[in-house]
Structures are given as structure tokens and as C-alpha cells.
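Colleague: need a structure here:
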Amino acid sequence: MIQDIYPSKLYNEFKKCEIEDKDYLLIFDKDGKVLVREDDGRLIYTTKAQVGDVPYTYLFSVDEQKYFLALDGKNVDTSAFEKEGYMHLSVRELREHADGKEIYAGFTAYHLWRWYADNKCCGRCGEPMTLGEKERSLVCPECGNTVYPRINPAVIVGVRKGDYLLLTKYKRGFAHNALVAGFTEIGETLEETVAREVMEETGVKVKNITYYKSQPWGMAQDILVGYYCEADGDGEIHMDESELKYAEWVKREDIELQPNNLSLTNEMMRMFKEGKDGNI
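Modeller: Take a look at the predicted model:
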């Protein structure tokens with residue numbers, strides 16, 4: 001999955017440190033596209049030496065490599081970089097261009113960029129926010145309101161019926177096979193989210209809800225929580241056509257996987273296809 005970068009490691013603890021020329025300084029435009037160059041399947045980000053002096057904040061490190069964010073990236077003139085082969089890519093395009101620690105860093109940086117971009121002003125009094133001094137936060141100097149990075153809980157659900165798995169395809173966006181998924185609502189447990197989302201999207205009741213694994217997913221500021229469960233009853237599908245264009249029971253050996261191994265969804269489909277899902 002996207003976070004499986006061993007032997008490399010993401011160090012996401014807060015630091016207040018100065019940027020050096022060799023450090024990556026990521027530039028996102030107003031649409032959330034990051035400036036990047038692809039070299040033999042590897043993503044290469046801009047460095048402080050290339051970008052020059054702009055307002056920045058420290059994001060995280062991968063091994064010894066530090067990553068910083070250009071806070072006013074949309075105002076940075078990037079035309080010169082295009083001559084060097086750089087281009088602006090969305091996180092969806094990043095997903096299609098490479099894998100490994102560079103794409104994991106890109107997703108995680110996007111997650112934080114989105115949070116900084118969405119919280120420039122205080123939601124309580126409207127004053128401009130400032131960077132926290134002792135933790136990763138944004139603080140209002142006027143009223144003291146403090147906000148922290150937003151993380152949205154969501155579930156990925158592998159619904160089983162014997163040797164069949166319930167596969168879906170979204171009506172818009174990602175074109176490959178997926179599983180039922182959805183965000184947790186206020187006052188709801190993750191298990192309740194599983195049952196509600198499966199019912200809402202496919203009309204199938206479920207039982208024996210069992211936790212599998214979780215995954216950070218910066219594309220949507222999510223923490224994804226994977227569950228397997230069983231169809232309760234005959235599993236007749238009544239698809240929500242506003243959300244999905246496809247929902248079918250697919251036999252284990254006939255499951256067509258996604259084109260890469262980045263997502264929790266794909267791993268759960270693969271585990272079922274290979275008979276390694278536990279089948280509780």
C-alpha cells in the first residue's frame with residue numbers, strides 16, 4: 001500500500017527548523033497540483049536551491065530527506081521549471097505516475113497543503129491565522145482559536161458471500177474496480193458506518209463485521225479503515241445509481257484488480273482473490 005515504504009520511514013513529528021538548499025520545497029498551485037519531474041519512474045520535487053526565498057513551513061522527513069511546503073506556492077513563478085521538464089500534477093495523476101516513498105510523500109504533503117490552504121483565516125472571528133510555535137497547528141492571534149490538521153475517518157468494506165465479493169465502480173472519477181466505501185457520520189461507530197454505507201450504496205444487509213487494516217489517504221484527507229463482513233440474507237443488490245455505475249457479486253478468481261498496489265481497497269480485493277482474507 002502507499003504507506004509501505006520500508007526500509008524507508010516517514011517522520012511526521014512537528015519540528016521548527018530552517019530549510020537548507022538540499023531540502024525539498026514543494027510548490028502547489030491554486031488547484032492543488034504539485035510541481036514535479038519524473039525521472040525513470042521516480043518523482044523528483046523542487047528544492048530550496050531551485051525555488052529561492054519564499055515563505056515556508058516544515059512538513060515531515062522521509063529518512064534523512066526533509067520536506068517543506070511553500071506557503072504561497074500559487075504566487076511562485078514556475079515557468080522556468082517547465083524548461084527543465086517539471087510539470088504540475090494532481091494527486092490523482094501522481095497515483096498514476098509512480099509509487100514508493102516519493103508518491104507517499106506527495107500524498108501526505110497534499111493532505112497538509114489542503115489544510116493550510118483551507119484555514120488561512122480564523123473560522124471564529126475571521127482574522128488571519130498564524131503558524132503554531134510548539135506543535136503543528138494554526139493559531140488566531142486575535143481570539144486564540146487553535147486548529148489542527150483535519151483527518152476524515154472513512155471505511156472500506158469487503159462484503160463477502162461465499163466465494164463472491166461485492167465489487168463496485170464509482171459513477172465519477174476513479175474508473176477501476178473498488179469496494180463499498182464511505183465517511184463516518186457524527187455520533188456513529190465505524191462498524192455502524194460499514195452497515196449503513198453498504199445498505200445505502202447496494203441495499204445489502206451485512207453481519208460479522210471484522211476489522212482488517214487501516215491506511216492514511218492524503219488525497220481526501222482520510223484515514224481509511226478496512227473491514228470484511230458477510231452478506232446477511234440473499235445479498236440481492238439494489239444499487240444507488242447516484243453514487244455507483246456498477247455493483248455486482250464477483251467470483252474470487254474473476255476479480256480484476258486495480259493497476260497498482262497503492263490502495264487499501266486493492267489489497268483487500270487481492271487478499272480475497274488469493275484466499276487470504278481469513279473468511280471468518
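
Colleague: which helices and strands sit right next to the helix or strand harbouring Ile103?
Modeller: Take DSSP states H and E as the rule and Ile103 turns out to sit in helix 101-118. Counting contacts by 3 or more C-beta pairs under 8 Å, 6 or more residues apart in numbering; DSSP states H and E, helix 101-118 is packed against strand 10-11, strand 24-26, strand 34-39, strand 42-45, strand 56-62, strand 65-70, helix 91-97, strand 206-217. C-beta here means a position set from N, CA and C on the backbone, and glycine is covered the same way.

Colleague: which stretches of the stretch 101-250 of the chain have low pLDDT?
Modeller: 173 (pLDDT under 70).

Colleague: Show me the helices in it, by range?
Modeller: In the stretch 101-250 of the chain, the helices defined using DSSP state H, counting those that start in this stretch lie at 101-118, 190-202.

Colleague: buried residues in stretch 50-57?
Modeller: Gln50, Val51, Val54, Tyr56 (16 or more other C-beta atoms under 10 Å).

Colleague: The second one and Asp77 touch, don't they?
Modeller: Which is Val51. No: contact criterion C-beta atoms under 8 Å: Val51 and Asp77 do not qualify, at 10.1 Å.

Colleague: Could you report the neighbour count for Arg252?
Modeller: Neighbourhood size, Arg252 [other C-beta atoms under 10 Å]: 16.

Colleague: Now it: closest residue in space, sequence neighbours ignored.
Modeller: Sequence neighbours aside, Asp163 is the residue nearest to Arg252 in space, at 4.9 Å (criterion: C-beta to C-beta, 6 or more residues apart in numbering).

Colleague: What count of nearby residues applies to the one you found?
Modeller: Count around Asp163 with other C-beta under 10 Å applied: 14.

Colleague: cool, Val91 as well?
Modeller: Val91 has 22 nearby residues by other C-beta under 10 Å.

Colleague: Tell me which residues touch it, please.
Modeller: Contact analysis of Val91 by C-beta atoms under 8 Å, 6 or more residues apart in numbering lists Gly32, Val34, Gly106, Phe107, Tyr110, Gly218, Met219.

Colleague: do that again at 10 Å, thanks
Modeller: 28, 32-34, 103, 106-107, 109-111, 113-114, 217-220 (C-beta atoms under 10 Å, 6 or more residues apart in numbering).

Colleague: Columns mean neighbour count on top of the helices of the stretch 101-250 of the chain, output as TSV?
Modeller: Shown next, in TSV, are these (neighbours: other C-beta atoms under 10 Å):
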stretch	mean neighbour count
helix 101-118	21
helix 190-202	20
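
Colleague: will you turn the ones you listed into JSON lines that also has distance to Lys245?
Modeller: Shown next, in JSON lines, are those (distance: least, C-beta to C-beta, whole Å):
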{"stretch": "helix 101-118", "distance to Lys245": "26"}
{"stretch": "helix 190-202", "distance to Lys245": "12"}
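
Colleague: which residues does Thr47 bridge with?
Modeller: Under the criterion DSSP bridges, Thr47 forms beta bridges with Tyr24.

Colleague: what's the burial count for it?
Modeller: For Thr47, using other C-beta under 10 Å, the count is 16.

Colleague: just Asp40 next, same as before
Modeller: Residue crowding around Asp40 was assessed by other C-beta under 10 Å; the count is 6.

Colleague: Compute the inter-axis angle for the helix holding Ile103 and strand 56-62.
Modeller: Counting by axes from the mean of the first three to the mean of the last three C-alpha atoms, to 10 degrees, helix 101-118 lies at 150 degrees to strand 56-62.

Colleague: CA atoms only for helix 101-118 - export them in PDB, please.
Modeller: Taking C-alpha atoms only, helix 101-118 is exported to PDB below (Å, rounded to 0.1, in the frame of the first residue of the first chain):
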ATOM      1  CA  LYS A 101       8.300   6.900  -0.900                       C
ATOM      2  CA  GLU A 102       8.000   9.800  -3.400                       C
ATOM      3  CA  ILE A 103       4.300   9.300  -4.000                       C
ATOM      4  CA  TYR A 104       3.600   8.600  -0.400                       C
ATOM      5  CA  ALA A 105       5.400  11.900   0.400                       C
ATOM      6  CA  GLY A 106       3.300  13.700  -2.300                       C
ATOM      7  CA  PHE A 107       0.000  12.400  -0.900                       C
ATOM      8  CA  THR A 108       1.000  13.400   2.700                       C
ATOM      9  CA  ALA A 109       2.200  16.800   1.600                       C
ATOM     10  CA  TYR A 110      -1.100  17.400  -0.300                       C
ATOM     11  CA  HIS A 111      -3.000  16.500   2.800                       C
ATOM     12  CA  LEU A 112      -1.200  19.200   4.800                       C
ATOM     13  CA  TRP A 113      -1.300  21.700   1.900                       C
ATOM     14  CA  ARG A 114      -5.100  21.300   1.700                       C
ATOM     15  CA  TRP A 115      -5.300  22.000   5.500                       C
ATOM     16  CA  TYR A 116      -3.100  25.100   5.400                       C
ATOM     17  CA  ALA A 117      -4.900  26.400   2.300                       C
ATOM     18  CA  ASP A 118      -8.400  25.900   3.800                       C
END
